[in-house]
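>>> sequence? don't have it. structure:
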């Protein structure tokens with residue numbers, strides 16, 4: 001359990017969807033929160049170390065940027081879950097991977113500039129893991145926004 005004071009909670013609520021698009025985003029965010037930028041940076045560093053913030057980064061709409069993406073389901077033996085998760089995560093085109101309680105138990109999304117590059121990455125992952133996959137390209141996109149109300 002992470003102890004959060006009211007300022008931590010305000011920071012966590014603001015950075016989820018309201019991160020400033022600015023040359024100095026942390027200064028802008030600090031001003032909005034009414035705290036010094038240095039305090040904001042120290043709090044974010046602590047929240048990251050404690051696991052409340054995994055990373056701060058953009059969510060890019062691959063299609064609008066001219067790229068493509070696909071969802072992959074991989075069938076990994078239980079004894080190799082951690083190893084295979086690390087192999088997948090080494091590919092910068094994979095945003096994250098997660099475990100599901102199913103026959104195909106590791107799921108992840110790959111984004112690339114085009115289908116040829118996407119196929120190259122998929123082949124590399126299959127070669128590196130020696131595990132079967134299901135390639136599930138997007139047919140219809142449902143964008144679900146998630147914001148956690150930190151209280």
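Great, that's in hand. Quantities reported herein were computed from a predicted structural model and do not represent experimental measurements. Residues are numbered from 1 along each chain as shown.
>>> so residue 16 makes contact with residue 148?
Yes. Look at residue 16 against residue 148 with Cβ atoms under 8 Å: they come within range, at 6.7 Å. C-beta: built from backbone N, CA, C; applies to glycine.
>>> neighbour count winner among those two?
The neighbour comparison of residue 16 against residue 148 (other Cβ atoms under 10 Å) goes to residue 16, with 16 against 8.
>>> give the full set of residues in contact with the nearest residue to that one once chain neighbours are set aside.
In this structure, residue 16 finds its nearest non-sequential neighbour in residue 147, 4.9 Å apart by Cβ to Cβ, 6 or more residues apart in numbering. Listed by Cβ atoms under 8 Å, 6 or more residues apart in numbering, the contact set of residue 147 reads 13, 16-17.
>>> state the number of residues packed around residue 86.
10.
>>> what's the offset of the helix or strand that contains residue 107 from the middle of its chain?
Element membership for residue 107 (DSSP states H and E) is strand 106-112. In this view, strand 106-112 has its centroid 11 Å away from the chain centroid, taken as Cα atoms, centre = their mean, to the nearest Å.
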